[in-house]
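coordinates only, sequence not included:
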């Protein structure tokens, strides 16, 4: 669990459009507020396609209100104790959303709004896990570390096709 000082610092960094490394329910993630230019920058750090969509972490279903229609079944999937990402349709694209379970990350999201998150690694490589690896990823990115995480990938449900992807 991040300390209250780490939470405060992460909120301040995110509010001034910085990219940070935060723990999630599964792995450490490159995170920022939801801005297209920050998504592009995160993808550049990962040597990924610059337009590659990133997962959006939310802290409550209220953050989806008036944006995405949610059936009761989808609400249950999002609210699961097991980290689960759900793919939703948008106008001409899709969006992947995961409700966080970690109280510290919920607190950050409650203060800054939904955030992008993607694994900390160069595309095609394993996600970084140790403080040393994460700290060496990029000198401009602040790391909020609390411990090595379990590294288990989240489940992925495609609400468009009604199929489990993973």
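Happy to help now that I have it. What you see is a predicted model; the values in this text were computed from it and never measured. Numbers count the residues shown, from 1 in each chain.

if I pick the residue nearest to the spatial centre of the chain, what's in contact with it?
Centroid-nearest residue in the chain, with CA atoms, centre = their mean: residue 117, separated by 2.6 Å. With contact taken as CB atoms under 8 Å, 6 or more residues apart in numbering, residue 117 is in contact with 22, 24, 29-31, 54-57, 98. Where C-beta positions appear, they are placed from N, C-alpha and C, glycine not excepted.

Got the confidence number for it?
What the model reports as pLDDT for residue 117 is 97.

and it, that one's in a strand?
Yes. Using DSSP: H, G, I helix; E, B strand; the rest coil, the assignment for residue 117 is a strand.

beta partners of it?
Under DSSP bridges, the beta-bridge partners of residue 117 are residue 31, residue 55.

can you offset everything so residue one is 33?
With the count now opening at 33, the last piece we talked about shows up as residue 149.

Next, work out how far apart it and residue 74 are.
9 Å (CB to CB, to the nearest Å).

and if you look at residue 37?
Residue 37 sits at a distance of 25 Å from residue 74 (criterion: CB to CB).

which strands and helices sit next to the lengthiest helix in the chain?
The single longest helix within the chain, with elements called by DSSP state H, is helix 36-47. In terms of contacts (3 or more CB pairs under 8 Å, 6 or more residues apart in numbering; DSSP states H and E), helix 36-47 is packed against strand 52-55, strand 60-65, helix 135-144, strand 174-175.

ok, now with 7 Å
When contacts are defined as 3 or more CB pairs under 7 Å, 6 or more residues apart in numbering; DSSP states H and E, helix 36-47 packs onto strand 52-55, helix 135-144.

elements contacting the last one?
Right, the one you point to is helix 135-144. Against helix 135-144 (3+ CB pairs under 7 Å, 6+ apart) you get helix 36-47, strand 87-90.

Mind checking what helix or strand follows the shortest one in sequence?
Past strand 87-90, heading to the C-terminal end, the next element that is a helix or strand (DSSP states H and E) is helix 104-110.

Buried residues of that following helix, list them for me.
106, 109-110 (16 or more other CB atoms under 10 Å).

And for stretch 40-58?
Applying 16+ other CB under 10 Å to stretch 40-58 flags 42-43, 45-46, 50-58 as buried.

Ends of it, what's the gap?
One end of stretch 40-58 to the other measures 22 Å (CA to CA, to the nearest Å).

ok, the buried residues of helix 104-110 vs residue 68, which is closest?
When those are compared for distance to residue 68 (CB to CB), residue 110 wins out at 24.0 Å.
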